[in-house]
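Participant: I need the structure of the sequence given here:
(chains A and B)
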Amino acid sequence: MSPELVLFLQTLVSGILIGFVFSLLSVGLTLIFGVMDIVNFAHGEHLMLAMYATFWMWTLWGIDPLFSLPVVALLLFILGVITYRLLIRYVLDAPMLAQIFVTFGLMVFLRNLAQVLWSEDYRRIGDTLLSGRIELFGIFIGRPQLFASLGAVITTGLLYFFLKRTRTGWALEATAEDKEVAGLMGINTERMFALAWGLGLASVGVAGALLATFNPIFPEVGTVFVLVTFVAVALGGFGSVPGAFIAGIIIGIVQVLGGFLWEPRFKTVLIYAIYLGVVFIRPQGLLGRR
Amino acid sequence: MQRIRWQLLVLVLVVLLLLAFPFYVAQPFLQRTMILVVMWSVLGLAWNILGGYAGQVSFGHAIFFGLGAYTSTYLFTEWGISPWLGMFVGAGVAVLVSIVIGWPSFRLVGHYFAIATIAAGEIFAVIFRNWKAVGGAVGIYLPIIRGDRLIDYQFQEFKAGYYYIILAMLALIVLVTYRLERTRMGYYLKAIREDSEAARSLGINITRYKLYAMMISAAFTAIVGTFYAQFVLYISPNTVFALAISIQMALVAILGGTGTLLGPIIGAAVLIPMAEYTRVYLAGRAGGLHLVVYGLLIMLISVYQPAGLMGIYREWQHKRAARGMVNDSLPVATAEGGADDAVA
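Facilitator: Residues are numbered from 1 along each chain as shown, chains lettered A, B, ... in the order given. The predicted structure is shown next:
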């Protein structure tokens, strides 16, 4: 293989790998949106918290991210339920401004709380059980990245299975479809909303633990990922889990290829341009319905 | 009648106090904070025209702020054109860009619109960060001009010069907003905010009126951008195109109360001194502390009182009016109603 081709493939593979992580993040966001029509503007900050949780467990108690992952997911699940119970519940029927501002305020609060508590320093998790890289047909793949994308695919698959194959999953989808009718059918919609927040944040928790193994951790790390996530959710269709999954991968590929073929500095512009293009041309996204 | 004369008196008193401010407060820190309070009042009111009255939540207003700052600064440093002229050119550029962004974006509603404005804002930040001709990520330093002539838009000895300029801008936008509240367009915007479908069915061209709101909003934001550049004498993509600018503009309006004349001013008067004090006295590690409090305030307000501090004030006023009805004769209550109107 020619060196250019290897480089190209190398780039493509890394794009797909990070794309899976974007997918997982987007699935978490789209789940909440789909069930209750609320955008969690603090999504990136929840990711940040998950990354810090992973970091502190590793630094303070030497727990490898591989093992702290389920704990982080559980913590974020609980945080999601608490967020719903304390904040979101009160704005379900409020004007849209209030709905936007409540998670927006949460974003400002969490980001700056992290800054006050843990300073603006970039932190990294050193060598973990996952460190190192493997070689495959002349292409190098970082083991943390590989593991992250594997973990993301598995988590997304489990979530999808849960939604499509379990009774609770059906109840959740029914609530998303029409909460009044779902309520009449005997579904406790209040619990379903809390569950959606729990699951949405738990997937962010998994993504955070995975990303923490190879990404620097700092209070504003959420912004790096959250805009990409918004774009993926819009591209896939607000509320569509498979759509978000596919869109995440597409965006991962576009991001790295854009950087590779054009200008790395403009790769973010490319992604936002995709968002604007999607919402203007096909507002319902790839797999969304309206 | 008695009430209205009272209010006029209060208004005159407030205006006099504001005009005389630099003469009874000499401390530089307080003067600077006051300038910032007025500046953020103008920005909050500018955001409010689109976000409050028309109900289109934008998190991308830094675009217009940055365009105002960059246009006047570039024209001045490269071609020696006075920032006064540059200010209007900047406002013109911002209005054009607002049309380009607004025209397609107004097909989106609610969250979709808000996210689109974030995306647009980030695109501008990235473009300016990489645009070599305007200084790239480093930005532009403005030359310091001594002598304090009004034409230079710089006041090195008499800092109050800045204060009076921004105060004049505040007076202008207060007048515009006051007029807006009482004209057809103001009612159209409120109708669009409350129910855009119903507004459309009544024959209101909703895209056109949203666009008008955005153009006015963008123009005011841009002239404050120029003011900021002249005041700080240094601009960079990370300061003037920052998402933080967009966010703070929204915060000021939300905290005080969106869709009201006094709300954004009250919001700025509460938020900015808090920010400045924590920044100065808790410098370093606790740098984000005031923002933690902001975040908390915003959450509490959106959950318990989406109408902001103005909403709390109005509720209190209504309660008082209700009590007045019981205790006194009826005319007092109607006078309260009139007062409510004049304040709002």
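
Participant: helix or strand: which one has the residue lying closest to residue A:210 once chain neighbours are set aside?
Facilitator: With sequence-adjacent residues excluded and distances taken as CB to CB, 6 or more residues apart in numbering or on different chains, residue A:210 is closest to residue A:148, at 3.8 Å. Heads up, the C-betas are built off the backbone N, CA and C, glycines and all. When elements are assigned from DSSP states H and E, residue A:148 belongs to helix A:143-165.

Participant: so for that helix, what gets flagged as buried?
Facilitator: Neighbour-count burial for helix A:143-165, counted by 16 or more other CB atoms under 10 Å in any protein chain shown, picks out A:143-149, A:151-153, A:155-156, A:159, A:163.

Participant: got it, and stretch B:133-145?
Facilitator: For stretch B:133-145, burial by neighbour count (16+ other CB under 10 Å) applies to B:134-135, B:139-140, B:142.

Participant: same check, this time on stretch B:241-255
Facilitator: For stretch B:241-255, by 16+ other CB under 10 Å, it's B:241-243, B:245-255.

Participant: so which of the residues you listed also contact chain A?
Facilitator: B:243, B:247, B:250-251, B:254 (CB under 8 Å from any CB of the partner chain).

Participant: can you pull the pLDDT of the residue nearest to residue A:210?
Facilitator: With respect to pLDDT, residue A:148 scores 83.

Participant: likewise for residue B:286?
Facilitator: pLDDT for residue B:286: 56.

Participant: what does residue A:57 give?
Facilitator: What the model reports for residue A:57 is a pLDDT of 91.

Participant: contact partners for residue A:247?
Facilitator: A:23, A:26, A:231-236, A:285-286 (CB atoms under 8 Å, 6 or more residues apart in numbering or on different chains).

Participant: contacts only, for residue 216.
Facilitator: I'll assume chain A. A:122-124.

Participant: oops, wrong one, chain B.
Facilitator: B:46, B:49, B:176.

Participant: of those, which belong to helices?
Facilitator: Counting by DSSP state H, those place B:46, B:176 in helices.

Participant: of the contacts of residue B:216, list those near chain A.
Facilitator: Among those, no residue is within reach of chain A (CB under 8 Å from any CB).

Participant: quick one on the thing from earlier: of the ones next to chain A among the buried residues of stretch B:241-255, which is the nearest to chain A?
Facilitator: The closest of those to chain A turns out to be residue B:254 (CB to the nearest CB; 5.6 Å).

Participant: low-confidence ranges in the chain?
Facilitator: Picking chain A for this. Applying pLDDT under 70 to chain A flags the ranges A:1, A:263-265, A:283-285, A:288-290.

Participant: that's the other chain; I wanted chain B
Facilitator: Scanning chain B with the threshold set as pLDDT under 70 gives B:1-3, B:282-287, B:324-344.

Participant: buried sites along the top helix by length along it?
Facilitator: Longest helix of chain B, by residue count under DSSP H: helix B:206-232. Of the residues in helix B:206-232, B:206, B:209-231 count as buried by neighbour count, 16+ other CB under 10 Å.

Participant: what about dumping the CA coordinates of stretch B:234-241 to CSV?
Facilitator: C-alpha atoms of stretch B:234-241 as CSV (Å, rounded to 0.1, in the frame of the first residue of the first chain):
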residue,chain,number,x,y,z
TYR,B,234,-7.8,45.1,22.4
ILE,B,235,-10.0,42.7,20.5
SER,B,236,-9.6,39.0,19.7
PRO,B,237,-11.9,36.2,18.5
ASN,B,238,-11.7,34.7,21.9
THR,B,239,-13.0,37.8,23.6
VAL,B,240,-15.5,39.3,21.2
PHE,B,241,-16.8,36.3,19.3
